[in-house]
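Q: Below is the sequence, then the predicted model.
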Amino acid sequence: MPVMGEPDAFGKFGDFGGRFVPESLIFACQELEDGFRKAWADRAFHDEFEEILSSFGGRPTPITYCARLSLKLGVNIYLKREDLAHTGSHKINNVIGQALLAKRMGKHNLIAETGAGQHGVASATAAALMGMKCKVYMGAVDIGRQALNVFRMRLLGAEVISVESGAKTLKDAVNDAMRAWVSEVETTHYCLGSVMGPHPYPWMVREFQSIIGKEASLQWEKLVGKSSPDYVVACVGGGSNAAGTFAGFAEATSTLIGVEAAGGAALSFGIKGVVHGMASSILQDEYGQINEAHSISAGLDYPGVGPEHAYLAQINRAKYVSANDSEVLMAFKILSQLEGIIPALESAHGIAWVINAAKTGEIEPGSNVLVTLSGRGDKDVAQVSELLGGFSGAGPGLEEVDF
Amino acid sequence: MPVMGEPDAFGKFGDFGGRFVPESLIFACQELEDGFRKAWADRAFHDEFEEILSSFGGRPTPITYCARLSLKLGVNIYLKREDLAHTGSHKINNVIGQALLAKRMGKHNLIAETGAGQHGVASATAAALMGMKCKVYMGAVDIGRQALNVFRMRLLGAEVISVESGAKTLKDAVNDAMRAWVSEVETTHYCLGSVMGPHPYPWMVREFQSIIGKEASLQWEKLVGKSSPDYVVACVGGGSNAAGTFAGFAEATSTLIGVEAAGGAALSFGIKGVVHGMASSILQDEYGQINEAHSISAGLDYPGVGPEHAYLAQINRAKYVSANDSEVLMAFKILSQLEGIIPALESAHGIAWVINAAKTGEIEPGSNVLVTLSGRGDKDVAQVSELLGGFSGAGPGLEEVDF
Amino acid sequence: MNFIDLETHLKSIRKSGRPILVPYITGGITNDWMHLVEELAHLGADAIEIGIPFSDPMIDGPVIQEASNLALQRGATTESILLELAQLNLEIPLVAMTYYNLVLRADPTRFANWCHEGGVSGTIIPDLPPEEMRPLETALDKESIVNVLLIAPSTTDERLKFIAGKSKGFLYTIGVMGTTGERTDLAESATILAKRAKQVTDLPVLVGIGISNEIQAQEVTKVADGVVIGSAFMRRILEDQSGKSALKFFSSLRSAL
Amino acid sequence: MNFIDLETHLKSIRKSGRPILVPYITGGITNDWMHLVEELAHLGADAIEIGIPFSDPMIDGPVIQEASNLALQRGATTESILLELAQLNLEIPLVAMTYYNLVLRADPTRFANWCHEGGVSGTIIPDLPPEEMRPLETALDKESIVNVLLIAPSTTDERLKFIAGKSKGFLYTIGVMGTTGERTDLAESATILAKRAKQVTDLPVLVGIGISNEIQAQEVTKVADGVVIGSAFMRRILEDQSGKSALKFFSSLRSAL
Ligand SMILES: Cc1ncc(COP(=O)(O)O)c(C=O)c1O
Ligand SMILES: Cc1ncc(COP(=O)(O)O)c(C=O)c1O
């Protein structure tokens, strides 16, 4: 049985996953599962999915060897370049898959949740492309912080709905999107943004994202010639870019590393629980109330994690670590200045771990490391500039990086 | 003789081009010409250039068919997706070529001019990748307007130098970069951002950018099956994306259309003159003083145009038209909402012309039109949002586009 | 506290021909929420649903969300609410409603224990589907507490039978595709679903979610055995923390049924 | 105006053993700039270079840029400056310096005509390379005006010969790789280049760009036949529009040479 195969009949990966939703959503989840199963067994669906990702989405994304960083660290670092995908991150893979599926199932409206706005922008993009209506739920606090992405969504024709419940951030946006879905379920597909939520989402989103890992493993063979990288590294918010990447290497000998934000490390500090329709590792207090996650990168500010990651951790197939904000800022600068690639703050978590692990010797010198660069950092430049002391003048922290 | 061949011994395309620089720069231009000639005749140089553009730059960029827009307009619209290239526009093609050449010639410093910041970011990126120092000259006024790109450049390790001369915008940045080049010419390569300046720049930059047109013409054959598009359209600032695109179709039957900004239409309203080292069509007053260009898109705010375009216009091989700011804003919205692609304001000029020409029947129904989408519009979203009335609320102008 | 069997109790009311009326109150919503519970019993509630507040109440609309947040801010926890209930001595059954994470965090056995201490006869866990309820059921069984399951308008016939067969105490009928909250018109879906439920089960069929006033309650109880009144009641508590207007509303409902 | 042949005039000064001193002044820089030109002649200038301001003066540093902008703001045009010069009656030659776009815009023939009207003996167009000067040369020839060419430290030997062979009036030696402007030290490159030039031409060799003071002028004229003084003179006009301090500076230069 493959390590990253289908979940069981209850939608479980080991003890995790499932379909913990109100009865009003059970039918919709079943219908979606059926729809996905049929589509995914249909060559024509795969063809259309892959065709759009290629002609519209910019796939395949290349693998880039980081010559200067590798030299400094003594390990060979390769990046899988999801930052070059249309809209600037891997999120487009998933939304194209779901939008196609929704259309096939006769649903012409999409709803989506978003935190930093990347998944919202991707969803709005897929909706525009396919002529669907799109509503994006976004916490009122995040709307204030991510004005540009809000405008991008509106420009793409989506309606952005301000979520005023709870802490008014991502977790609450998921709640509100699910609530909205309950009442519009006949005409509307809920386009969830990561490998989370009730079955079949964690499985389905992983399958749509597995194009990252499949591409990468073929490219790896051509490029490096060895059968597989020693390490395969990806950042973990909900866990979709990591799951999609790991899917290409789960059967290989590579060590799989998921890097969470220290302030949202559901796998390091979470406890098994149920939220947003799934059983997984979740940041919560002693009473079972869900904690807010806090990190420099909005896309990793999620108190849960996809259930398959909880499973991969449990069976020791993947290892989950974390990087803190200052390590991430440093990695953000290092990649920019040594390689000419400004990474998303989310993606910089993966780089940060690699830098640390290479320096401490946790990664043996000469190892081959593949890091998924899940997105580009343009969206984060304003925030980082504030953190580093503003745009003008010589500002602290932009001296040439040396480490 | 090919239409878009080498310029003559004086660096002229017909009456245009040449090397109108102070004697202090003649040797540097000759040296560069020699260096480029040798490199461009060397298979190994091409291989390295193409390898970096592929593994780092994200090439080939796809051609995307615009199903919904085509349906509305009754002509078939295809986009060459330079917006998917690393750093977000075609500018990366040229800077990778020049940085490689500079290294080959033993020059480890780059200087560049920039207006909106796209070429500056691309130059800083190439410098970071290759471990070179980079100074970017940018008008003080533009620095104020394009704070994010300034920070991106600094993040990439480049020094941004504020140009206080003249009107403190692009044209003055070119002057200052050239002045700086004179005094650093032994160690420094001037990485010019478009098909302008003294020989060999217009030719060399066109050659580096011709990868757009070469790719596109091969892709076109596969995709559409006809020998060539009826129209090949690109926006024209200095003219590099247009020249690079046209290079792939100059020998074909396609009608070539360059679209300038109405407020910077050097080919429509300019007069033959000499500036920045070249003879070309230039916006100037009755006394020969150079006019400032004014358009919504900083990247087209240039009072001159590459000399080869002046030549192609003269021999009637290409036609040059213009689009005004309000047409461009509308095109920006239309492409976003119908196709899920937010174009750079520069690139939206091409779309704007196609929309108009299809509506007026200038483009016959059923025609095949290839438009080069030179860059992505994320950089422009803040500006457009202000023009459309801000981020919050329903703001005017973001109602679903209907035309 | 004397233990009351939920199903027996509700069936005996149904037998009497009177519609069953179950108010919902968020535990810990005010200082004297226990007093409100007692008042509801005096005013003729046939059972009372006690909500244990959760930070992420997926099926709840704005009113219950606000009530949950308030109660949490006031320091309410699963244990505190259930153990406070132990002080009551009512003639009607109590049903604890919460989300599964709180059960898991407490651990099902401890949770069942607290329920038992609080004199609770049944539980409603809307995000716990029947396929996953074994651990909770096992724990509840030991305390003779039942778990009430829910059906929704989208539930298929086959599944409706399956759920009805597994539910105990009563069958909670989600009257409308949506979250808890008041609706201007009674959803047609509520009556249709209640009818479908009545055809396959002898359990009392109670309609909840979306019942906002006397007229709707009267209408729906032509088919269903009773109603659960949540947001319409809680909104009045949020507006008037003394609970007077909420209790007045409940009285008029009771008279109407 | 009486026509003065540039080359003959400069060679006769060289023959006299005195270093040639040519000040540069931006035409139209002040209201009475013509007066300054006259004063310069009285104070012993051997020729005067008249700058015609251009919006994009590629080889000019900040001082001349500022002077150009000021003159343009004051309404100076190619025609107005050259025709104003017609009012003068000097014993020394005038050389017009500008950029090629102004020549093209006027049209070379009209430009040569205006130069003639203004009594100009020669032109310097730094962005017009010898390869491209035919149209201008043809027009100037008709008025017996010469075009002065430039060499730079980076000019190869072969090209130096080529340029020296085509230049008329004198050979303008760009003393330093850089723009017009003062330098603390005299660039070594100036002396080296002047030496190279002297070896291949009999034309007077004048060094410009970067000569800032008497000492530098003395130093360089050990090799070169003379100097052009631009920014050092113009900076003083910008600082003191009366021109007094600029003229004083020129006088002391003249005494030093
Ligand atoms: C660039 C980028 N990377 C990573 C993530 C985290 O999501 P996931 O863990 O599902 O890949 C996000 C989420 O917004 C993102 O924008
Ligand atoms: C996206 C984009 N397109 C077009 C241009 C115009 O340049 P060119 O005409 O050389 O392609 C620019 C210049 O900055 C640009 O950024």
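A: Cool, got the structure. Numbering: from 1, shown residues only, chains lettered A, B, ... in the order given. Ligands and ions are numbered 1, 2, ... in the order given.
Q: For the most centrally placed residue in chain C, report the pLDDT, please.
A: Centre of chain C computed as the mean C-alpha position; nearest residue by Cα atoms, centre = their mean is C:E49, 3.7 Å away. Per-residue pLDDT puts C:E49 at 98.
Q: mind listing what the nearest residue to it once chain neighbours are set aside touches?
A: The shortest distance from C:E49 to any residue other than its chain neighbours is 4.2 Å, reached at C:Y24 (Cβ to Cβ, 6 or more residues apart in numbering or on different chains). No exception for glycine: its C-beta is placed from N, CA and C like everyone else's. Applying Cβ atoms under 8 Å, 6 or more residues apart in numbering or on different chains to C:Y24 gives the contacts C:48-51, C:97, C:208, C:228-230, C:233-234.
Q: How many neighbouring residues does residue 85 have?
A: You didn't say which chain, so I picked chain A. Residues lying near A:A85 (other Cβ atoms under 10 Å in any protein chain shown) number 25.
Q: my bad, chain C
A: Neighbour count for C:L85, taken as other Cβ under 10 Å: 23.
Q: Please enumerate the strands of chain C.
A: Ranges of strands within chain C are C:20-26, C:48-51, C:94-97, C:120-124, C:146-151, C:171-174, C:205-208, C:226-229, based on DSSP state E.
Q: any chance of those strands in TSV, with distance to ligand 2 too?
A: Shown next, in TSV, are the strands of chain C (distance: least, Cβ to the nearest ligand atom, whole Å):
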stretch	distance to ligand 2
strand C:20-26	56
strand C:48-51	56
strand C:94-97	57
strand C:120-124	58
strand C:146-151	55
strand C:171-174	53
strand C:205-208	57
strand C:226-229	60
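Q: Can you add distance to C:L36 and give these back as a markdown table?
A: Output for these, formatted as a markdown table (distance: least, Cβ to Cβ, whole Å):
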| stretch | distance to C:L36 |
| --- | --- |
| strand C:20-26 | 6 |
| strand C:48-51 | 9 |
| strand C:94-97 | 13 |
| strand C:120-124 | 17 |
| strand C:146-151 | 22 |
| strand C:171-174 | 22 |
| strand C:205-208 | 19 |
| strand C:226-229 | 13 |
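Q: For the longest helix anywhere in chain A, list every residue counted as buried.
A: In chain A, assigned by DSSP state H, the helix with the most residues is helix A:201-224. Within helix A:201-224, the residues that count as buried by 16 or more other Cβ atoms under 10 Å in any protein chain shown are A:201-217, A:219-220, A:224.
Q: now the nearest residue to A:Y231 once chain neighbours are set aside, what's its secondary structure?
A: Distance criterion Cβ to Cβ, 6+ apart; nearest residue to A:Y231, sequence neighbours excluded, is A:V369 at 4.4 Å. Judged by DSSP: H, G, I helix; E, B strand; the rest coil, the three-state class of A:V369 is strand.
Q: can you pull the contacts of A:V369?
A: With contacts taken as Cβ under 8 Å, 6+ apart, A:V369 has the following neighbours: A:75-78, A:229-233, A:354, A:363.
Q: Of those residues - the most surrounded one?
A: With neighbours defined as other Cβ under 10 Å, the most crowded of the contacts of A:V369 is A:V232; it has 31 neighbours.
Q: In a strand, that one, correct?
A: Yes - going by three-state DSSP, the assignment for A:V232 places it inside a strand.
Q: Would you agree it is in contact with A:T255?
A: Yes - under the criterion of Cβ atoms under 8 Å, A:V232 makes contact with A:T255 at 7.2 Å.
Q: Am I right that C:M177 is in contact with A:W181?
A: No - between C:M177 and A:W181 no contact is recorded; they are 9.7 Å apart, counting by Cβ under 8 Å.
Q: show me the contacts for residue 48.
A: No chain was given, so I picked chain A. A:E48 makes contact with A:L100 under the criterion Cβ under 8 Å, 6+ apart.
Q: nope, chain C
A: Counting by Cβ under 8 Å, 6+ apart, C:I48 touches C:22-25, C:37, C:40-41, C:90, C:92-95.
Q: and the stretch 101-250 of chain A, which residues reach chain D?
A: Proximity of the stretch 101-250 of chain A to chain D is not found for any residue under the rule Cβ under 8 Å from any Cβ of the partner chain.
Q: Show me which residues of the stretch 51-200 of chain A are close to chain C?
A: Taking Cβ under 8 Å from any Cβ as the criterion, the neighbours of chain C within the stretch 51-200 of chain A are A:165-166, A:171-172, A:175, A:178-179, A:182-183, A:185.
Q: now the residues you listed in CSV, with secondary structure?
A: As requested, those are arranged in CSV below (three-state DSSP):
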residue, secondary structure
A:S165, coil
A:G166, coil
A:K171, helix
A:D172, helix
A:N175, helix
A:M178, helix
A:R179, helix
A:V182, helix
A:S183, helix
A:V185, coil
